[in-house]
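>>> The sequence and its predicted three-dimensional model are supplied below.
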Amino acid sequence: MVKIYRTEDNIISELQAYDEGSWINMVAPSLEECVDISEQFNIDIDDLRAALDDEESSRINLEDDYTLILVDIPSAEMRNNRHSYTTIPLGIVLLENTIITVCAEETAVLKIFIEQRVREFSTKKQMRFTYQILYNTCIVYQSLLRNIDRKRTEIEERINETTQDVDLVDLHELESNLVYFATSLRANGVVLDRLTRYGRLRQYSEDRELLEDVIIENQQAIEMTQIYRDIINGTRELMSSVINNRLNNVMKYLAAITIVMSIPTIISGLYGMNVVSEGMPFADTPWGFGIITGITVIICIIALVVLKRRKML
């Protein structure tokens, strides 16, 4: 799908045909659409389709007629029957009077521009538009990182109630999301660093200030990712300790019950041996069974008290 947009007086409108100062937004484009755009603007087809390959890494390519900026943006997906996050490439092609964005799916990073929720947004200012895209990418990263931390908090709040195996799996999924984010954010940071050094790209003073803001926000997202990873590691260790402690308590309880139950077993085993009754206490007494039972109960009670004081029950 290929759509063309252009801003006039801070109002964005969709065009039916290309015009100078336009923004060409390509979302999961077909091969025919890529070939048409490639031939129209003299762009290498491999560069134009680079963003459609999930394995592409963030980079900048400076060509004679255009500049390709490839960055990773966050994306939602279903993984192991759970709502998770990953990263996908976003390609930004800068030409003399046109900017082209290529992505494998619709993304909130670009949707905000179509919905006119960005101030001082103009499709005619390619570098500023590019930096606004990168800035919004950092903001989306930070928003998703806060969502991940909220999910981690929900899991942590359930530790005192019932901790299940699924909670450990959920924590692992959250940590996997952070790994993807950390890798992509560091790669994006390299691209941002190169943007500050390339003199070929036409930039104004306010554009450089915006680029500095983007670098700061990207670094903040990297720090948030590292902090949340450390917190998740601590939460997982806490959950493991709680599970082990509950298991130890259950084992202590079962051991105490086993000790108490072994007392009547031992006594009944001794009196159940095939020997003569002479010499067996209370063997010839009419109330022998009741007396032995009472003594057994008393010994069991004493054992329960001793185990209770030793905090085994």
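Received it, and whenever you're ready, just let me know what you need.
>>> Kindly check the end-to-end length of stretch 61-70 for me.
The straight-line separation of the ends of stretch 61-70 (C-alpha to C-alpha, to the nearest Å) is 9 Å.
>>> May I see the buried residues of it?
For stretch 61-70, the neighbour count (16 or more other C-beta atoms under 10 Å) marks 66-70 as buried. Quick note: C-beta positions are derived from backbone N, CA and C, even for glycine.
>>> With distance to Asp19 added, can I get those in TSV?
As requested, these are exported to TSV (distance: C-beta to C-beta, whole Å):
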residue	distance to Asp19
Tyr66	18
Thr67	21
Leu68	22
Ile69	23
Leu70	26
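>>> Take those and keep only those in strands.
Of the buried residues of stretch 61-70, the ones assigned to strands by DSSP state E are 67-70.
>>> which of those sit farthest apart?
Greatest spatial distance among those (C-beta to C-beta): Thr67 and Leu70, at 10.7 Å.
>>> Can you work out which residues contact both of these two?
Shared contacts of Thr67 and Leu70 (C-beta atoms under 8 Å, 6 or more residues apart in numbering): 60-61.
>>> which residues of the stretch 51-200 of the chain fall in strands?
Under the criterion DSSP state E, counting those that start in this stretch, strands of the stretch 51-200 of the chain are mapped to 59-62, 67-79, 82-94, 98-103.
>>> Given the last one, what are its sheet partners and their directions?
When you say that, I think you mean strand 98-103. strand 22-27 (parallel), strand 82-94 (antiparallel) (DSSP bridges).
>>> Extract the C-alpha trace of the longest one and format it as PDB.
The C-alpha trace of strand 82-94 is given here as PDB (Å, rounded to 0.1, in the frame of the first residue of the first chain):
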ATOM      1  CA  ARG A  82       0.900 -13.900  24.800                       C
ATOM      2  CA  HIS A  83       0.900 -10.300  23.700                       C
ATOM      3  CA  SER A  84       4.500  -9.400  23.300                       C
ATOM      4  CA  TYR A  85       6.700  -6.700  21.700                       C
ATOM      5  CA  THR A  86       9.500  -6.900  19.100                       C
ATOM      6  CA  THR A  87      11.200  -4.500  16.800                       C
ATOM      7  CA  ILE A  88      10.900  -4.100  13.000                       C
ATOM      8  CA  PRO A  89      12.900  -2.000  10.600                       C
ATOM      9  CA  LEU A  90      11.600   1.400   9.400                       C
ATOM     10  CA  GLY A  91      13.200   2.800   6.200                       C
ATOM     11  CA  ILE A  92      13.400   6.600   5.600                       C
ATOM     12  CA  VAL A  93      14.600   7.700   2.200                       C
ATOM     13  CA  LEU A  94      15.500  11.300   1.800                       C
END
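>>> Tell me what angle it forms with strand 67-79.
170 degrees (axes from the mean of the first three to the mean of the last three C-alpha atoms, to 10 degrees).
>>> So what's the residue count around Gly241?
Just so we're on the same page, residue 241 is Ser rather than Gly. Residues lying near Ser241 (other C-beta atoms under 10 Å) number 11.
>>> and the longest helix seen in the chain with strand 67-79, angle?
If you go by DSSP state H, the chain has its longest helix at helix 205-271. Helix 205-271 runs at 20 degrees relative to strand 67-79, counting by the same axes, to 10 degrees.
>>> rewinding a little: closest one of the ones in strands among the buried residues of stretch 61-70 to Gln219?
Closest to Gln219, out of all of those and judged by C-beta to C-beta, is Ile69, at 18.5 Å.
>>> Near the nearest residue to that closest one once chain neighbours are set aside, how many other residues are there?
Distance criterion C-beta to C-beta, 6 or more residues apart in numbering; nearest residue to Ile69, sequence neighbours excluded, is Ile92 at 4.3 Å. Neighbours of Ile92 under the rule other C-beta under 10 Å: 21.
>>> what is Ile92 paired to in the beta sheet?
Ile92 has the following beta-bridge partners by DSSP bridges: Ile69, Thr101.
>>> Isn't it up against Asn61?
No: using C-beta atoms under 8 Å, Ile92 is not in contact with Asn61, being 11.0 Å away.
>>> wait, isn't Met1 in contact with Ile24?
No: assessed by C-beta under 8 Å, Met1 is found out of contact with Ile24, at 11.2 Å.
>>> More neighbours: the two, which one.
Each of Met1 and Ile24 has its neighbours counted (other C-beta under 10 Å); Ile24 has more, 22 against 10.
>>> Number of residues surrounding the closest residue to the more buried one other than its chain neighbours?
Of all residues not flanking Ile24 in the chain, Ile100 sits nearest, at 4.5 Å (C-beta to C-beta, 6+ apart). For Ile100, the count of nearby residues is 23 (other C-beta under 10 Å).
>>> tell me the contacts of Ile100?
By C-beta under 8 Å, 6+ apart, Ile100 lies in contact with 23-26, 37, 41, 43, 48, 91-93.
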